[in-house]
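Peer 1: From the sequence below, what's the structure:
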Amino acid sequence: MPDRTCRLVTLGCKVNQYETQLVKETLLQNGFREAEDDEVADLCVVNTCTVTGEADSKGRQLIRQLARRNPGTRTIVMGCYATRDPAALRDLPGVFEIVRDKRELPDVFDRLGIVDLPAGISQFDGRRRAYVKVQDGCILNCTYCIIPSVRPGLQSRSPQDIEDEVRRLIDNGYREIVLSGIHVGHYGVDTTRGKSGLPPFRLWHLFERLDRIPGDWRMRLSSIEAVEVNDEFIHTAANCEHLCPQFHPALQSGSETVLRRMRRRYSVTRFLSRLEQLREVLDNPAFTTDVIVGFPGETDAEFEETLDVCRQARFMKIHVFPFSARKGTPAAGFSDQVHPDVRKERVHILTELERDLAEEFYQSLVGTDVEVLVEREVADLPGWLRGTDRRYAPVELPGSRDEIGRFVTARGTSIRRTSLLADRPDRLPADSNLSNAGANRGLAASAVKAGF
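Peer 2: Numbers count the residues shown, from 1 in each chain. Here you go, the predicted structure:
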């Protein structure tokens, strides 16, 4: 029987990427192989996102492209868009299964003759770090967000399953594990809430359990809500050897009035206080965040408040999103929508501030030792590598290709707008071309443009 071929495409978040990897390993374990670039795939899988209207559009476009490039293929569509609006996808070319609920996947696989299902992933193809999904679902009611309606409820994985998966990934050479979920800070809430006799097991308990896994590896938290950074979280973060000192609390807005219209659960004062508490117990932690600009009714003064809070928070990176009205959310019906041109201008202003803040944070690493997970070669400078340190700062440093996927230690020497430059004196002979290249690195006309 000839090999059956498959092709998988993912849109959206880390959780989607994890779920696609799990589907891929299921297919490969059951006689499929990935199609070559010039080969027609028997089966295509599209994992969709619906966080914005643009994401919906990209999903439909991808499905049509796959049908054109793989004539006769059968396409499985899964993910949040498939859950929210299956009717919009049903008649697209090649679509033969729409998975509205991931719990339906075993039945879909069974119809394909697939009965051997892995308990978790063992690889994370195409990446130097591996995402591990620890929970699913969100029960909040933010006025702008569609996700709680397509991933409702809370579903936490067992600590044992997570530990087994993390150990397997470390054994297979992954040096960084990113704990991911739809609302990671609610990990464990569903397993203990209202269940008498069960000891609580929350996110910080998971940190402690995973931290006991020996080896040269590190774990990173994908995101956290500021209100979930409590005393137990802070104490554990300060005492976990493998946990990276970088956290992603989503600010969304620095205006108290906008936060209330968003139905966020914190005040600006409380948000900033949690960051300062982490700074008190950790060595120069990095904070990244999400901000929505142009939320309905956002005035110039409210936007200025957001800029001011971002400066106070000293974020290393800000993911800036113009408000996108999602049908089915309260904010989509708010009457005082901000003009698209104003939203665009505010994105530009906040992006410029983000670059300045990033540069300030990189400067704080100059003269310090950094542990870098090497991820790739620098395309425009032979003998140089690019990776990320424990604080998620992008670092460029001299080295050799065989160090990709490994940790190396270097010392920050200077910065440019997109990265920290680092040196490794123990690796460089006195007359090395790399030394000259490093001196000129900041003047390079064609800087690396890819993000980390």
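Peer 1: Am I right that Glu19 sits in a strand?
Peer 2: No: counting by DSSP: H, G, I helix; E, B strand; the rest coil, Glu19 falls outside a strand, being helix.
Peer 1: Neighbours of it, how many?
Peer 2: For Glu19, the count of nearby residues is 22 (other CB atoms under 10 Å). Any C-beta I mention is one placed from the backbone N, CA and C, and that applies to glycine too.
Peer 1: backbone phi and psi for the closest residue in space to it that isn't next to it in sequence, please?
Peer 2: The shortest distance from Glu19 to any non-neighbouring residue, by CB to CB, 6 or more residues apart in numbering, is to Asn47 (6.2 Å). With angles defined as degrees, to the nearest 10, Asn47 sits at phi -100, psi 110.
Peer 1: State the phi and psi torsions of Ala410.
Peer 2: With angles defined as degrees, to the nearest 10, Ala410 sits at phi -140, psi 170.
Peer 1: Pairing partners for the nearest residue to it once chain neighbours are set aside in the sheet, please.
Peer 2: Leaving aside its sequence neighbours, Ala410 sits nearest to Ala422 (CB to CB, 6+ apart; 3.6 Å). Beta-bridge partners of Ala422, counted by DSSP bridges, are Gly412.
Peer 1: for Ala422, what are its contacts?
Peer 2: 370, 372, 395-397, 410-413 (CB atoms under 8 Å, 6 or more residues apart in numbering).
Peer 1: if you set the cut-off to 6 Å instead, what comes out?
Peer 2: 395, 397, 410-412 (CB atoms under 6 Å, 6 or more residues apart in numbering).
Peer 1: For it, give me the pLDDT.
Peer 2: On pLDDT, Ala422 comes in at 97.
Peer 1: and if you look at Arg427?
Peer 2: For Arg427, the model assigns a pLDDT of 70.
Peer 1: if I look at it, how far off is Ser414?
Peer 2: Here the criterion is CB to CB, to the nearest Å. By it, Arg427 lies 17 Å from Ser414.
Peer 1: picking that back up, can you pick the most crowded of the contacts of Ala422?
Peer 2: Neighbour counts for the contacts of Ala422 peak at Leu397, which has 30 neighbours (criterion: other CB under 10 Å).
Peer 1: and the gap between Arg427 and Arg386?
Peer 2: Arg427 is 16 Å from Arg386, where distance means CB to CB.
Peer 1: of the two, who's got more company?
Peer 2: Each of Arg427 and Arg386 has its neighbours counted (other CB under 10 Å); Arg386 has more, 23 against 15.
Peer 1: average pLDDT across the host helix or strand of the more buried one?
Peer 2: Secondary-structure assignment from DSSP states H and E places Arg386 in strand 384-389. Averaging pLDDT along strand 384-389 yields 96.
Peer 1: How about stretch 294-308?
Peer 2: Averaging pLDDT along stretch 294-308 yields 98.
Peer 1: go on, stretch 53-70?
Peer 2: 94.
Peer 1: what does it contact?
Peer 2: Against stretch 53-70 from outside (CB under 6 Å, 6+ apart): 9, 11, 40-41, 44, 46, 48-50, 81, 92-94.
Peer 1: Could you dump those into a markdown table and include pLDDT?
Peer 2: Listed next are the contacts of stretch 53-70 as a markdown table, based on pLDDT from 0 to 100:
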| residue | pLDDT |
| --- | --- |
| Val9 | 96 |
| Leu11 | 96 |
| Val40 | 95 |
| Ala41 | 96 |
| Cys44 | 97 |
| Val46 | 97 |
| Thr48 | 96 |
| Cys49 | 95 |
| Thr50 | 94 |
| Tyr81 | 95 |
| Leu92 | 96 |
| Pro93 | 95 |
| Gly94 | 95 |
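Peer 1: Adding neighbour count and secondary structure, write those out as TSV.
Peer 2: As requested, the contacts of stretch 53-70 are exported to TSV (neighbours: other CB atoms under 10 Å; DSSP: H, G, I helix; E, B strand; the rest coil):
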residue	neighbour count	secondary structure
Val9	17	strand
Leu11	21	coil
Val40	13	coil
Ala41	23	coil
Cys44	26	strand
Val46	27	strand
Thr48	29	strand
Cys49	20	coil
Thr50	23	coil
Tyr81	28	helix
Leu92	19	coil
Pro93	13	coil
Gly94	19	coil
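Peer 1: Which members of those are the farthest-apart pair?
Peer 2: Val40 and Thr50 (28.5 Å; CB to CB).
Peer 1: how about stretch 60-80: buried residues?
Peer 2: Buried residues in stretch 60-80, counted by 16 or more other CB atoms under 10 Å: 60, 62-63, 66-67, 70, 73-80.
Peer 1: In strands, which of these fall?
Peer 2: Members of the buried residues of stretch 60-80 lying in strands (criterion: DSSP state E): 74-79.
Peer 1: which of the residues in stretch 188-205 are buried?
Peer 2: Using 16+ other CB under 10 Å as the test for burial, stretch 188-205 gives 188-191, 201-205.
Peer 1: and what of stretch 116-131?
Peer 2: In stretch 116-131, counting by 16+ other CB under 10 Å, buried: 120-124, 128-131.
Peer 1: Mind picking the lowest-pLDDT entry from those residues?
Peer 2: Within the buried residues of stretch 116-131, Arg128 has the lowest pLDDT, namely 89.
Peer 1: so who does it touch?
Peer 2: 375, 405.
Peer 1: change it to 8 Å
Peer 2: Arg128 touches 174-176, 373-375, 387, 404-405, counting by CB under 8 Å, 6+ apart.
Peer 1: can you check Glu97 too?
Peer 2: Going by CB under 8 Å, 6+ apart, Glu97 touches 74-77, 108, 111.
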